[in-house]
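Chemist: Sharing a model prediction with you, sequence too.
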Amino acid sequence: MAKIEKSKISYVCQQCGKESPKWQGRCPECQAWNTYVETTVTRSTAKRIPVRGAPARKLSRIELKSTDRTPLPLNELNRVLGGGLVSGTISLIGGEPGIGKSTLLLQVADMIAGVRGNAVYVTAEETEHQIKLRAQRLGITGENLYLMAETDLDVIINELDNINPGFAVIDSIQTVGLSDVSAAPGNITQVRECTLRLMQWAKAKDVPVFIVGHVTKSGDIAGPRALEHIVDVVLYFEGAAFSAYRLLRCAKNRFGSTNEVGVFEMADKGLVQVENPSQIFLVEHEENIGSAIVPVMEGNRPLLVEIQSLATTSYFGMPRRVANGVDFNRLLLIIAVLTKRAGLRLGNQDILVNAAGGLKIEEPGADLSIALSIASSFFDSGVKSGLVAVGEIGLSGELRSVTQLERRIKEAARLGFKYCLIPRSGLKALPPVRGIEILPCSTLKEAIFKGLIRARRLTRGEEQPLVEEEPPVEEESG
Ligand code: TYD
Ligand code: MG
């Protein structure tokens with residue numbers, strides 16, 4: 001047991017870890033409200049295991065071992081980790097309760113158990129019995145997998161030393177604690193000390209360690225900044241509650257790109273990887289009124305996503321706008337541009353937009369499809385069949401190009417789409433793509449004409465053009 005050098009009562013912000021001698025309503029560091037908790041802060045309680053007593057060496061003299069990176073038999077996870085698990089690193093995986101963190105890590109622990117020797121799965125939340133039940137469901141016998149239900153990190157590390165495993169999982173970091181740190185488990189001081197301690201162990205033994213982190217209401221890992229600085233890799237596991245698809249995103253990776261996304265599906269026998277995910281967010285149907293398809297980039301990988309919209313006459317003074325899976329302010333911008341620059345009279349329309357499959361789309365490249373789906377529902381006219389659309393919409397109604405246009409178009413062509421609406425400015429840098437017709441457009445209005453079967457509206461059986469050739473010029477009042 002290390003000697004406690006110094007201990008004092010102080011107040012610690014649970015968001016960012018800032019200490020203060022007195023309680024404060026708002027943290028001056030991270031501006032969070034009501035996050036100070038009284039804590040007995042003890043200094044240097046963690047055992048300092050010397051990482052390596054070696055003198056400094058020339059970079060050119062350092063040799064890499066092939067065992068430094070262990071590829072897993074789970075490609076989607078390899079992709080996110082940048083090729084495999086790196087020895088002696090500590091990775092943090094966060095996500096909402098019930099998303100499948102424990103399931104994923106139990107599966108991973110079992111996979112590695114064969115490859116790197118024994119693996120240890122430490123649970124501080126569930127009982128051995130519960131984990132055994134889950135393992136049975138996953139079809140894991142666990143010949144080389146040790147299970148431990150324990151919350152005291154000293155005991156855990158002691159046992160890890162005994163087993164000397166090739167991989168360890170701590171589920172979760174908020175529920176384990178060190179007895180010589182007086183703060184309660186979950187308190188930022190405790191979480192930080194425990195992570196540091198685990199990291200020292202991982203580095204000393206050259207073993208990869210995974211820790212599970214709970215997320216706060218806003219979706220960050222509790223004690224977010226403090227933890228993210230310490231660990232080597234930060235992963236977020238996310239997905240909509242009603243959908244079986246899960247995305248594993250990388251927020252920090254010291255050994256690879258943070259651009260990668262892994263796609264999994266929660267099946268009844270655990271998580272299965274989805275290796276060819278571009279189609280899963282498309283909905284199968286014949287009639288395509290109010291629906292447009294966009295190739296978005298999730299990291300470095302194109303996904304085809306269907307955007308659905310409904311525009312109906314509002315019976316209230318203030319028409320409603322609802323955005324599901326797309327950014328609300330972006331939607332308001334698109335509606336404003338549709339009204340002012342393309343001449344659609346949307347002022348009395350309730351507009352609801354939904355990204356299919358529970359995906360959250362953040363990139364502005366989806367603007368054009370959102371606009372197209374709204375126009376399609378408004379005109380009660382389908383989007384041309386076999387058409388995808390991508391492009392950012394500017395305030396004056398112009399279309400702007402997006403990154404990685406070629407890869408998006410190729411993916412659409414691969415899945416059998418016939419037309420692709422793109423911003424004209426993207427045409428210059430675009431090499432020819434076979435099997436798909438490119439429809440370049442300069443303005444949103446032009447895109448609506450090219451993308452919809454009929455850009456006018458049927459009223460009482462008669463066709464009434466609503467997109468006028470020249471939208472009315474309004475006097476600027478200044
Ligand atoms: P879990 O891994 O316990 O989530 P977390 O650790 O992130 O809180 O996942 C639990 C959910 O996953 C639960 O709602 C049931 C579901 N599930 C399946 O659908 N199939 C399975 O094979 C397993 C093990 C769980
Ligand atoms: Mg869990």
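Modeler: Arrived safely. Residues are numbered from 1 along each chain as shown. Ligands and ions are numbered 1, 2, ... in the order given.

Chemist: what about the longest strand in the protein?
Modeler: Counting by DSSP state E, the longest strand found in the chain is strand 301-313.

Chemist: Identify each buried residue in it, please.
Modeler: Neighbour counts using 16 or more other C-beta atoms under 10 Å place 301, 302, 303, 304, 305, 306, 307, 308, 309, 310, 311 of strand 301-313 among the buried residues. For glycine as for every other residue, the C-beta is placed from the backbone atoms N, C-alpha and C.

Chemist: I'd assumed residue 261 was in contact with the first one.
Modeler: In other words, residue 301. Yes. Using C-beta atoms under 8 Å, residue 301 is in contact with residue 261, at 6.4 Å.

Chemist: which residues of the protein fall in helices?
Modeler: 75-81, 101-115, 128-138, 153-163, 188-205, 224-230, 328-341, 367-379, 405-414, 444-451 (DSSP state H).

Chemist: Tell me which other helices or strands the first one touches.
Modeler: Packing partners of helix 75-81 (3 or more C-beta pairs under 8 Å, 6 or more residues apart in numbering; DSSP states H and E): strand 245-253, strand 261-267, strand 270-273.

Chemist: closest to residue 129 out of the ones you listed?
Modeler: strand 270-273 (18.2 Å; C-beta to C-beta).

Chemist: Around the nearest residue to residue 441 once chain neighbours are set aside, how many other residues sit close by?
Modeler: Spatial nearest neighbour of residue 441, chain neighbours left out: residue 447 (4.1 Å); criterion: C-beta to C-beta, 6 or more residues apart in numbering. Using other C-beta atoms under 10 Å, the number of residues around residue 447 comes to 28.

Chemist: In contact with residue 447, which residues are there?
Modeler: Contacts of residue 447 were listed using C-beta atoms under 8 Å, 6 or more residues apart in numbering, and they are 368, 371, 372, 389, 391, 399, 421, 441.

Chemist: Format those residues as JSON lines; extra columns: neighbour count, pLDDT and distance to ligand 1.
Modeler: Formatted as JSON lines, the entries for the contacts of residue 447 read as follows, by neighbours: other C-beta atoms under 10 Å; pLDDT from 0 to 100; distance: C-beta to the nearest ligand atom, whole Å:
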{"residue": "368", "neighbour count": "30", "pLDDT": "96", "distance to ligand 1": "36"}
{"residue": "371", "neighbour count": "30", "pLDDT": "96", "distance to ligand 1": "37"}
{"residue": "372", "neighbour count": "32", "pLDDT": "96", "distance to ligand 1": "35"}
{"residue": "389", "neighbour count": "32", "pLDDT": "96", "distance to ligand 1": "35"}
{"residue": "391", "neighbour count": "30", "pLDDT": "96", "distance to ligand 1": "37"}
{"residue": "399", "neighbour count": "27", "pLDDT": "96", "distance to ligand 1": "41"}
{"residue": "421", "neighbour count": "26", "pLDDT": "95", "distance to ligand 1": "38"}
{"residue": "441", "neighbour count": "21", "pLDDT": "95", "distance to ligand 1": "44"}
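
Chemist: rewinding a little: want to throw the helices and strands packed on helix 75-81 into a markdown table with mean pLDDT, distance to residue 94 and mean neighbour count?
Modeler: Converted to a markdown table, these look like this (pLDDT from 0 to 100; distance: least, C-beta to C-beta, whole Å; neighbours: other C-beta atoms under 10 Å):
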| stretch | mean pLDDT | distance to residue 94 | mean neighbour count |
| --- | --- | --- | --- |
| strand 245-253 | 87 | 8 | 20 |
| strand 261-267 | 88 | 15 | 20 |
| strand 270-273 | 90 | 16 | 19 |
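
Chemist: Output the below-cut-off pLDDT ranges for the stretch 251-400 of the chain.
Modeler: Segments of the stretch 251-400 of the chain classed as low confidence (criterion: pLDDT under 70) are 283-287.

Chemist: In contact with residue 415, which residues?
Modeler: Under the contact definition (C-beta under 8 Å, 6+ apart), the residues listed for residue 415 are 278, 279, 304.

Chemist: Report pLDDT for residue 166.
Modeler: At residue 166 the predicted local confidence, pLDDT, stands at 91.
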